[in-house]
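**Q** Sequence and computational prediction follow.
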Amino acid sequence: MKRISLIMLLVAACGPTQAPMSQTVPGGAAPAAGVSGPPPTDTPFQPSGEAGAAAGETGDAAAGETVKVPDMCGADTRQGQIGSSLSDHQAGLPEGTRIIDPSTIVAQDYNPQRLNVNVTYSGLIMRVWCG
């Protein structure tokens with residue numbers, strides 16, 4: 001009897017320690033395997049906080065420091081395009097511009113002269129930045 005009690009105690013200790021998270025997202029659809037959080041929206045990118053609030057700004061958020069990095073790709077002059085359609089501006093983008101939609105795999109190489117344009121699936125510009 002003691003062995004059965006001990007085995008039951010060990011099996012119970014191996015179970016989950018917290019309740020499972022809900023498997024639905026807003027709208028009632030089930031998320032894809034391995035995906036968490038709400039689905040992407042067509043809302044333009046709205047930076048938060050001071051560090052990184054504008055194109056070309058970096059800094060140590062913990063220290064409250066913001067450093068202006070020179071705009072070497074022209075991103076500062078294109079901030080007004082955020083929220084508009086990529087098709088309205090695509091002809092005027094410099095050669096080598098990287099168009100990044102939510103499904104694009106992006107290499108982490110840094111090129112300060114390269115313009116990057118993040119867009120939604122429907123083609124709205126969310127972010128314009130150098131790198």
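**A** Sure thing, it's come through.

**Q** Residue 103 - nearest residue in space that isn't next to it in sequence?
**A** residue 121 (7.8 Å; Cβ to Cβ, 6 or more residues apart in numbering). Glycine gets a C-beta too; all of them are placed from N, C-alpha and C.

**Q** so that neighbour makes contact with residue 100?
**A** No - the criterion here is Cβ atoms under 8 Å, and residue 121 misses it with residue 100 at 11.8 Å.

**Q** Neighbour count: these two, which is higher?
**A** For residue 121 versus residue 100, neighbours defined as other Cβ atoms under 10 Å are more numerous around residue 100 (16 against 11).

**Q** How about that one: what's its closest non-neighbour residue?
**A** Closest to residue 100 by Cβ to Cβ, 6+ apart is residue 118, at 4.9 Å.

**Q** Near that neighbour, how many residues? Count them for me, please.
**A** 21.

**Q** looking at the sheet around it, what are its partners?
**A** residue 100, residue 127 (DSSP bridges).

**Q** Relative to residue 107, how far out is residue 92?
**A** 25 Å (Cβ to Cβ, to the nearest Å).

**Q** now swap in residue 78 and tell me
**A** For residue 78, the distance to residue 107 - Cβ to Cβ - is 22 Å.

**Q** So between the two, which is more surrounded?
**A** residue 78 (21 against 7).
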